[in-house]
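[1] Got a sequence here, can you model it:
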Amino acid sequence: MLSRRRLKEVLEPELALCGEDKATRKEMFASALDALLKKGKVTLEGAMVSLCARGEKRAREDVDNNVVVGGLAMKIERPKEVLPEEKRARKEDKVVEDVSPEVLKFREDHSIKAVGENSVALPDPFMSFDSCLEGLGEKIVQRLKKDYKEPSPIQAQSWPVALSRKDMVAVAKTGSGKTLAFLLPSFCVVSKDRTAAAAGPRILVLAPTRELATQIEEVVVSYAGLAGLSSACVYGGVPKPPQAKAIRSAVGGIVVATPGRLVDLLQDKAVNLQDVKVAVLDEADRMLDMGFQPQLSEIFNALPAVGQKQVLLFSATWPKAVKKMASTYLAEDHVHLSIGSRDDKGPTANIAVTQEFFKLDDSEKDNQLLRDLFKMADSAKVVIFTNTKRRADNLAKNLWSNGYGCAAVHGDKTQVDREKSLNAFKSGEWSILVATDVASRGLDIIGVTHVVNFDMPRDVEGYVHRIGRTGRAGNSGASITYWNPDYDTECAPALVKIAKDAGQPVPEWLDKVAQKMGQGKKLWAVSKIDEARKQLGA
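    Predicted structure coming up:
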């Protein structure tokens with residue numbers, strides 16, 4: 001016995017031949033059911049359909065017979081009965097079978113797992129560069145050996161998944177090597193699939209900020225040539241014509257772009273995305289935030305349909321607010337990797353970063369900052385975050401007047417000024433960078449030793465991402481946060497939880513405020529973390 005809905009599913013392949021018109025398919029299904037009733041193949045019992053069995057053998061013969069309706073031969077087969085123990089076995093099917101002890105230990109050591117409904121068997125990770133020789137090619141592997149000692153955990157597990165051409169979400173802590181994790185397999189997938197001339201790029205990488213886009217482009221330039229691919233990087237704040245020309249030179253190659261500028265070029269018909277084989281969203285949670293939805297929708301409408309391209313989403317978090325939106329861009333059988341981020345427990349801070357808190361009002365912050373900077377080593381490299389552009393500029397002036405060379409980076413700065421400041425900080429010419437949240441995500445500046453939250457970020461994820469600018473690539477770091485009792489009290493419960501989850505000590509005064517505030521409020525509510533945990537672990 002089966003429901004009419006199940007019978008319709010059985011007949012779906014044949015009904016599909018009638019086209020996509022629902023009314024026509026509904027009419028054909030009704031005709032097929034009527035024909036089965038007239039032939040005595042089935043009987044109706046309320047909403048259920050029963051197969052008429054005259055002995056088990058005859059029943060099997062009956063259901064295997066074709067029913068001709070409207071010129072179509074439809075075959076109905078008795079669905080295989082699934083025993084309870086089979087259902088249980090499927091549900092509890094292990095993520096990986098016959099895995100070596102070495103692989104199991106590697107995944108356990110680095111908290112690597114597939115999560116969600118598609119927790120299928122994962123390919124063995126590339127735990128050494130030699131093991132990815134076949135997948136990435138000799139030239140790239142030799143370059144990797146020259147630049148690095150071994151693959152990072154996210155690279156080791158995401159490379160074989162990406163090379164299988166499955167869509168993928170990869171969640172890992174900041175500074176974990178995500179850029180090479182998505183670039184290198186994309187290069188290899190495209191290099192092996194050059195069957196026809198392209199009208200545009202074959203790889204598209206989207207980044208939320210100009211700074212992150214240019215940083216990705218630096219890595220692209222280092223490795224794309226080894227795969228024989230040209231590249232271009234486009235972003236706002238500079239004239240469009242030179243970028244349109246650069247995109248034309250990257251036909252068949254890779255384009256790194258910010259969403260706004262790419263939409264501009266699409267509207268100018270300066271770029272064709274129909275030949276894109278791999279689309280990457282770096283810092284995917286921010287890319288898919290509500291503010292980016294219109295641009296992303298327009299970009300993905302210009303890309304090949306789901307299933308005709310590979311989509312790779314990389315980020316440090318994967319909160320509830322964007323998960324539903326992301327499902328629009330992913331194939332149903334996508335793989336969701338969690339690597340070292342404990343993303344079933346929501347946003348967590350990098351455990352390699354110490355967290356220190358000071359209770360200060362705004363009038364005390366400037367002097368405390370000078371004291372903190374004075375205690376740091378001469379080799380310290382410091383990023384100071386503020387919430388407003390005006391405060392960033394004023395703070396930079398104050399630091400200069402006290403003998404500290406620094407630069408301010410925020411949205412009102414021209415692209416030339418921003419790049420000049422970032423390059424001066426990266427090179428060590430200036431040891432301090434004052435920035436708004438434009439620099440809090442994705443930027444991988446080597447050697448940052450300290451992060452100072454001069455102002456409290458807008459939410460708990462902002463806090464995690466800010467302090468993630470230090471403690472990257474296996475190094476340790478330190479964060480200092482100035483907590484103002486006049487307007488930061490709602491942050492206390494989540495701050496305490498994030499710090500304790502990362503194994504950091506919490507000041508007694510902050511712990512007391514957290515207990516008084518209960519679950520916190522608004523964007524800093526502990527429930528926000530719990531929601532993210534449930535969604536990330538689903």
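
[2] all strands of the stretch 351-500 of the chain, in order?
    For the stretch 351-500 of the chain, the strands defined by DSSP state E, counting those that start in this stretch cover 353-359, 382-385, 406-409, 432-435, 450-453, 477-483.

[3] where among those strands is the average confidence lowest?
    Note on these: lowest mean pLDDT is at strand 406-409, with a mean of 86.

[4] which residues touch Leu133?
    Val141 (CB atoms under 8 Å, 6 or more residues apart in numbering). Every C-beta, even on glycine, is put in place using the N, C-alpha and C of the backbone.

[5] Over to Leu370?
    Asn402.

[6] Figure out which of the strands of the stretch 351-500 of the chain is closest to Val263.
    Among the strands of the stretch 351-500 of the chain, the nearest to Val263 by CB to CB is strand 406-409 (24.1 Å).

[7] Against which helices or strands is that closest one packed?
    helix 389-401, helix 415-427, strand 432-435 (3 or more CB pairs under 8 Å, 6 or more residues apart in numbering; DSSP states H and E).

[8] Comparing the ones you listed, which comes out most buried?
    The highest average neighbour count among the helices and strands packed on strand 406-409, using mean count of other CB atoms under 10 Å, belongs to strand 432-435 at a mean of 26.

[9] Tell me the strands beside that one, with direction?
    strand 382-385 (parallel), strand 406-409 (parallel) (DSSP bridges).

[10] how near is Val171 to Glu102?
    For Val171, the distance to Glu102 equals 24 Å [CB to CB, to the nearest Å].

[11] quick one, which of those two is more surrounded?
    The neighbour comparison of Val171 against Glu102 (other CB atoms under 10 Å) goes to Val171, with 26 against 11.

[12] Could you confirm the more buried one falls within a strand?
    Yes: counting by DSSP: H, G, I helix; E, B strand; the rest coil, Val171 falls inside a strand.

[13] Could you point out which of the strands paired with strand 432-435 sits nearest Asp275?
    Nearest to Asp275, of the strands paired with strand 432-435 and by CB to CB, is strand 406-409 at 35.5 Å.

[14] what's that closest one in contact with?
    Counting by CB under 8 Å, 6+ apart, 211, 384, 392-393, 395-396, 399-400, 418, 420-422, 424-425, 430-436, 438-439 sit against strand 406-409.

[15] For that strand, buried residues please.
    Of all the residues in strand 406-409, those buried under the rule 16 or more other CB atoms under 10 Å are Cys406, Ala407, Ala408, Val409.

[16] okay if I get the residues you listed as a markdown table plus distance to Met517?
    Output for those, formatted as a markdown table (distance: CB to CB, whole Å):
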| residue | distance to Met517 |
| --- | --- |
| Cys406 | 34 |
| Ala407 | 36 |
| Ala408 | 33 |
| Val409 | 33 |
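
[17] Could you save the helices and strands packed on strand 406-409 as CSV and add columns showing distance to Gly236?
    Shown next, in CSV, are the helices and strands packed on strand 406-409 (distance: least, CB to CB, whole Å):
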stretch, distance to Gly236
helix 389-401, 17
helix 415-427, 8
strand 432-435, 18
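
[18] For these, which has the smallest mean pLDDT value?
    helix 415-427 (a mean of 84).

[19] by contact count, what packs against it?
    So helix 415-427, by 3+ CB pairs under 8 Å, 6+ apart, packs with helix 210-223, strand 406-409, strand 432-435.

[20] Show the residue spans covered by the strands in the stretch 151-300 of the chain.
    168-172, 203-206, 231-234, 254-257, 278-282.

[21] Let me know which of these is the nearest to Gln504.
    strand 168-172 (20.0 Å).

[22] What pairs with that closest one, parallel or antiparallel?
    Partners of strand 168-172 in its sheet, by DSSP bridges: strand 310-315 (parallel), strand 335-339 (parallel).

[23] domains of the chain?
    The chain breaks down by automatic domain parsing into domains covering 2-75, 90-341, 353-537.

[24] and the longest one, how far out from the chain's middle?
    For domain 90-341, the distance between its averaged C-alpha position and the chain's averaged C-alpha position is 9 Å (CA atoms, centre = their mean, to the nearest Å).

[25] quick one: average pLDDT of it?
    Mean predicted confidence for domain 90-341 is 86.

[26] and if you look at the shortest one?
    When the per-residue pLDDT values of domain 2-75 are averaged, the result is 57.

[27] Indicate which one of the strands paired with strand 168-172 is closest to Glu461.
    Per CB to CB, nearest to Glu461 of those: strand 310-315, 10.2 Å.

[28] so can I have TSV of the helices and strands packed on helix 415-427 showing distance to Ser249?
    Shown next, in TSV, are those (distance: least, CB to CB, whole Å):
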stretch	distance to Ser249
helix 210-223	13
strand 406-409	29
strand 432-435	32
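
[29] Look up the closest residue to Leu399, ignoring the ones flanking it.
    Of all residues not flanking Leu399 in the chain, Cys406 sits nearest, at 4.8 Å (CB to CB, 6 or more residues apart in numbering).

[30] oh sorry, the question was meant for Lys426
    Per CB to CB, 6+ apart, closest to Lys426 is Ile445, 5.6 Å.

[31] Do I have it right that that neighbour meets Ala424?
    No: Ile445 is beyond contact range of Ala424, at 11.5 Å (criterion: CB atoms under 8 Å).

[32] center of the chain, which residue is that?
    Central residue of the chain (CA atoms, centre = their mean): Phe314, 2.9 Å from the mean position.

[33] residue contacts, that one?
    Ala170, Ala172, Lys178, Ala181, Phe182, Val280, Leu281, Asp282, Glu283, Ala284.

[34] so how far is Thr489 from the nearest residue to it once chain neighbours are set aside?
    Spatially, and ignoring its direct neighbours in sequence, Phe314 is nearest to Lys178 (4.6 Å; CB to CB, 6+ apart). As judged by CB to CB, Lys178 and Thr489 stand 34 Å apart.

[35] ok, now how distant is Leu122 from Glu108?
    Taken as CB to CB, the span from Leu122 to Glu108 is 13 Å.
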